[in-house]
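A.B. asks: No sequence on hand, only this structure:
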């Protein structure tokens, strides 16, 4: 592991233990700080972003992501109905796969169902529940942390040994950059995403007074169980038209189609903190989700009681159920190929 200091006086990263699992596995946390005083914390369970603290011009510091104070709550959160996946890397396949089954090279692949009859976010024992390995920490300008996970062939019944890597970089322009890569030993399907709930007013607030803009003119049509029908529909004159700025919806769970010429695929603004976040990605869609909450048995950060409008997710990814929809973007990764994804969350005051 590369460990450097920004100067002999001020290291801009800190690594420490975040606790241990019931099996005695140690979970580490790493905090990175840029020259502007923006800090992020990432833990090795699920390669999870637990905080993103932004200093404001008025002297306040706002934590713009939801999360828990302790490891036990992160672990327990996957045992409740409607697990929130706070800040986690999601895989092997993000989103829903209809009836928990798909065909690959003429072979039927049966997955475990964890969302009605469907497979959601990689199934029961998914990447978000795994302990990742900290491969590298880079200090100095644009500090970063790289974590890896090895998914053995047959895990959740997905074929192929899969080596996954994620790098979080905190730039000096207050960008959180996520670089993903993966390789496989045999044909498999893959769709990784990041599941942070953002709130520019602070994680104790509500997103309903914040403004959302999505340039997308199309969305993936879904059934009442949230599974794609296979159709792509226009958002014009529907509740999903965010091409002009509107208040955040109280509930949404939909994938928006990204055109190749779109650079910023989503913008969130808070008039309370004069804070703006832009989402930039190379993925074919951004899934917008508002509606998550946590159970009272879980200890949220700072003892805050989260509710269904506490945060909004921008899950940049391929389309849900793409392995079953030939007209959707390809989700198959082959040996000798490398899966790549890049997403940027850029914060700035206005």
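C.D. replies: All right, it came through fine. Remember, predicted model here, so these are calculated numbers, not experimental data.
A.B. asks: List the residues that contact the most centrally placed residue in the chain.
C.D. replies: What sits nearest the mean C-alpha location of the chain, by C-alpha atoms, centre = their mean, is residue 194, with 1.3 Å. Contacts for residue 194 (C-beta atoms under 8 Å, 6 or more residues apart in numbering) come out as 49, 87, 88, 89, 90, 178, 315, 316, 343. (C-beta placed from N, C-alpha, C; glycine too.)
A.B. asks: Go again with 7 Å.
C.D. replies: 89, 178, 315, 343 (C-beta atoms under 7 Å, 6 or more residues apart in numbering).
A.B. asks: Number of residues surrounding the last one?
C.D. replies: The one in question is residue 343. Counted with other C-beta atoms under 10 Å, the neighbours of residue 343 add up to 23.
A.B. asks: now swap in the third one and tell me
C.D. replies: Burial measure for residue 315: 26 neighbouring residues, criterion other C-beta under 10 Å.
A.B. asks: so what's it closest to, chain neighbours aside?
C.D. replies: Excluding the flanking residues, the one nearest residue 315 by C-beta to C-beta, 6 or more residues apart in numbering is residue 287, at 3.9 Å.
A.B. asks: Equivalent analysis for the second one, please.
C.D. replies: Setting aside the residues directly before and after it, residue 178 is nearest to residue 343 in space (C-beta to C-beta, 6+ apart), at 4.7 Å.
A.B. asks: The one you found sits in which helix or strand?
C.D. replies: Here residue 343 sits within strand 339-349, counting by DSSP states H and E.
A.B. asks: Work out the sheet partners of that strand and label each with its direction, please.
C.D. replies: strand 175-184 (antiparallel), strand 275-281 (antiparallel) (DSSP bridges).
A.B. asks: Mind putting those strands into a markdown table with mean pLDDT, mean neighbour count and distance to residue 157?
C.D. replies: Formatted as a markdown table, these follow (pLDDT from 0 to 100; neighbours: other C-beta atoms under 10 Å; distance: least, C-beta to C-beta, whole Å):
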| stretch | mean pLDDT | mean neighbour count | distance to residue 157 |
| --- | --- | --- | --- |
| strand 175-184 | 98 | 20 | 15 |
| strand 275-281 | 98 | 20 | 28 |
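A.B. asks: Could you dump those into JSON lines and include distance to residue 79?
C.D. replies: Below are those laid out as JSON lines (distance: least, C-beta to C-beta, whole Å):
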{"stretch": "strand 175-184", "distance to residue 79": "27"}
{"stretch": "strand 275-281", "distance to residue 79": "30"}
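A.B. asks: I'd like to know which of those lies nearest to residue 64.
C.D. replies: Judged by C-beta to C-beta, the one of the strands paired with strand 339-349 that comes nearest to residue 64 is strand 275-281, at 7.5 Å.
A.B. asks: distance between the closest one and the chain's centre?
C.D. replies: For strand 275-281, the separation from the chain centroid amounts to 14 Å (computed by C-alpha atoms, centre = their mean, to the nearest Å).
A.B. asks: Follow the chain on from that strand and name the next helix or strand.
C.D. replies: strand 285-290.
A.B. asks: residues making contact with the next helix or strand after that following strand?
C.D. replies: As assigned by DSSP H and E, the chain's next helix or strand after strand 285-290 is strand 312-317. Defining contact as C-beta under 7 Å, 6+ apart, one finds that strand 312-317 is touched by 94-95, 191, 193-198, 207, 248, 266, 268, 279, 281, 283, 285-290, 343.
A.B. asks: Just the buried residues out of the residues you listed, in PyMOL syntax.
C.D. replies: Of the contacts of strand 312-317, the buried ones can be selected in PyMOL as follows, counting by 16 or more other C-beta atoms under 10 Å:
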select buried, resi 94+95+191+193+194+195+196+197+198+207+248+266+268+279+281+283+285+286+287+288+289+290+343
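A.B. asks: from memory residue 93 sits against residue 192, does it?
C.D. replies: No. Residue 93 lies out of contact with residue 192 (C-beta atoms under 7 Å); the separation is 8.5 Å.
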